[in-house]
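Undergrad: Below: sequence and its predicted model.
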Amino acid sequence: MKSKYLFVMPLVLGVILIAINIKVTQNELIGDITPSTELTSMNNSNIIAYEEIKTPITKAKKINADYGKPELKNISKDYNPNSYAQRSESETIAVQSMALVEEEINAVNLIGSVTMMDLRGIEVNTDEVQIDTEALMELYEEVSESPAWDVKEKIDIIELLWEFLVNQCEMSPMNAAALIGNIVAEGKFAEQQGTGLFLTNIEQARALLGCGKKGYGIVQWTYAPRQRALLEYYELAYELYPDDWDRVKVTAECSMLIEEIKAYKIFDDIKVDTSIEDATGRVCVNYEAYKGSNRQWTKQNNTYRLVAGKSSNGYQRLAYAKSVYEYFSN
């Protein structure tokens, strides 16, 4: 009996080993035919749907919405990515849109800091001035009807200064009117005091500004330290506009004006109104400081009041300031 089992056992073990070998071979063959899940996933990730190709073109239509520029046109909803003509047209429009945005940003200039004296004779470094020169030049080159009170025909300068002081520098209307009213009684851009002559190029500015012999510009800057600061602004403006003297003088003198007003602390806050009379008195006494200004104005409780008569310089400047305020308020 024992010998019989010894004979059968090797046969049973052999059959079992053959069956196992056949099963393994079948699994290997099936594995060669069916691709792995990982490989399939990788292949699908490399396939870009046609709808995804059209998405950037659809978004391109919205580029100029915030800038008020013309929308992109002639881009078909059935965009064919293989069409060179359509691709070239959309790329051209996108470049033009970017150029328009860049032009809008570049219209505003940042004028660097200069060194000037405050009312105590202490040197101060000014802030940088952000100025939209293009907007100012549109007013400067525009021919407007001069109001009856504008006896010196400076309406182009007045409108330009209002744009700069009120709209660009956020100065209050009464403070701006007081300052402009004094400027009406002074000079024009780059004008030499009392001669009717003007600085016409940077070489003349370099030769004359700093001498302190005659006043120049809209405020008739006279003293040498003030002229040297003005020349610094002329140099900065000339770097921006070497071929446009009108832009140079407007940019330089507007920058000088606002920074000197702040350095002198003419107003407690340039953005806050007090009264047209108080604002005019502050400019007359502390900024323009024309001859006799201290006697024409009195200061009580930190407020200036005119005490001179109708024939005085102060009365004329206050009248100009009121007219400017009313002109822009209507």
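TA: Nice, I can see it.
Undergrad: now the helices for the stretch 201-330 of the chain?
TA: 202-208, 224-240, 245-264, 276-282, 293-296, 313-329 (DSSP state H, counting those that start in this stretch).
Undergrad: Could you check the second one and say which residues are buried?
TA: Spelled out, that is helix 224-240. By neighbour count with 16 or more other C-beta atoms under 10 Å, helix 224-240 contains the buried residues 226-238, 240. For glycine as for every other residue, the C-beta is placed from the backbone atoms N, C-alpha and C.
Undergrad: same check, this time on stretch 199-210
TA: For stretch 199-210, by 16+ other C-beta under 10 Å, it's Leu199, Ile202, Ala205, Leu208, Leu209, Gly210.
Undergrad: Ok, stretch 271-285 next?
TA: For stretch 271-285, by 16+ other C-beta under 10 Å, it's Asp273, Thr274, Ile276, Glu277, Asp278, Ala279, Thr280, Gly281, Arg282, Val283, Cys284, Val285.
Undergrad: can you check stretch 151-159 too?
TA: Neighbour count says stretch 151-159 has Lys154, Ile155, Asp156, Ile157, Ile158, Glu159 buried, by 16+ other C-beta under 10 Å.
Undergrad: Give me the contact list for it.
TA: Contact with stretch 151-159 is made by 139-147, 150, 180, 183-184, 188-189, 218, 324, 327, as judged by C-beta atoms under 8 Å, 6 or more residues apart in numbering.
Undergrad: One more: stretch 112-123?
TA: 124-128, 225-226, 229, 232-233, 236, 259-260, 263-265, 286.
Undergrad: buried stuff in that stretch?
TA: In stretch 112-123, counting by 16+ other C-beta under 10 Å, buried: Val114, Met116, Met117.
Undergrad: that older thread, which stretch among the helices of the stretch 201-330 of the chain comes nearest Ala135?
TA: For Ala135, the closest of those is helix 245-264, at 10.7 Å, according to C-beta to C-beta.
Undergrad: who does that closest one touch, helix- and strand-wise?
TA: On a contact count with 3 or more C-beta pairs under 8 Å, 6 or more residues apart in numbering; DSSP states H and E, helix 245-264 meets strand 109-111, strand 115-117, strand 129-131, helix 133-140, helix 155-162, helix 224-240.
Undergrad: Including mean pLDDT and distance to Val307, could those go into JSON lines?
TA: Output for the helices and strands packed on helix 245-264, formatted as JSON lines (pLDDT from 0 to 100; distance: least, C-beta to C-beta, whole Å):
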{"stretch": "strand 109-111", "mean pLDDT": "91", "distance to Val307": "39"}
{"stretch": "strand 115-117", "mean pLDDT": "91", "distance to Val307": "29"}
{"stretch": "strand 129-131", "mean pLDDT": "94", "distance to Val307": "36"}
{"stretch": "helix 133-140", "mean pLDDT": "92", "distance to Val307": "36"}
{"stretch": "helix 155-162", "mean pLDDT": "93", "distance to Val307": "27"}
{"stretch": "helix 224-240", "mean pLDDT": "97", "distance to Val307": "28"}
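Undergrad: Pipe the ones you listed into a markdown table and attach distance to Glu253 per row.
TA: Supplementary listing: the helices and strands packed on helix 245-264 in a markdown table, determined by distance: least, C-beta to C-beta, whole Å:
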| stretch | distance to Glu253 |
| --- | --- |
| strand 109-111 | 11 |
| strand 115-117 | 14 |
| strand 129-131 | 11 |
| helix 133-140 | 11 |
| helix 155-162 | 10 |
| helix 224-240 | 7 |
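Undergrad: tell me, how many neighbours does the nearest residue to Ile111 once chain neighbours are set aside end up with?
TA: Nearest non-adjacent residue to Ile111, counting by C-beta to C-beta, 6 or more residues apart in numbering: Val129, 4.2 Å away. Val129 is flanked by 23 other residues according to other C-beta atoms under 10 Å.
Undergrad: Quick one: residues contacting Val129.
TA: Counted by C-beta under 8 Å, 6+ apart, Val129 has contacts Leu110, Ile111, Cys254, Ser255, Ile258, Glu259.
Undergrad: Ok, which of the helices and strands packed on helix 245-264 comes nearest Ser293?
TA: Comparing these by C-beta to C-beta, helix 224-240 comes nearest, at 16.8 Å.
Undergrad: got a list of contacts for that closest one?
TA: 109, 111-112, 114-117, 133, 202, 205-206, 209-212, 216-217, 221, 247-249, 251-253, 255-256, 260.
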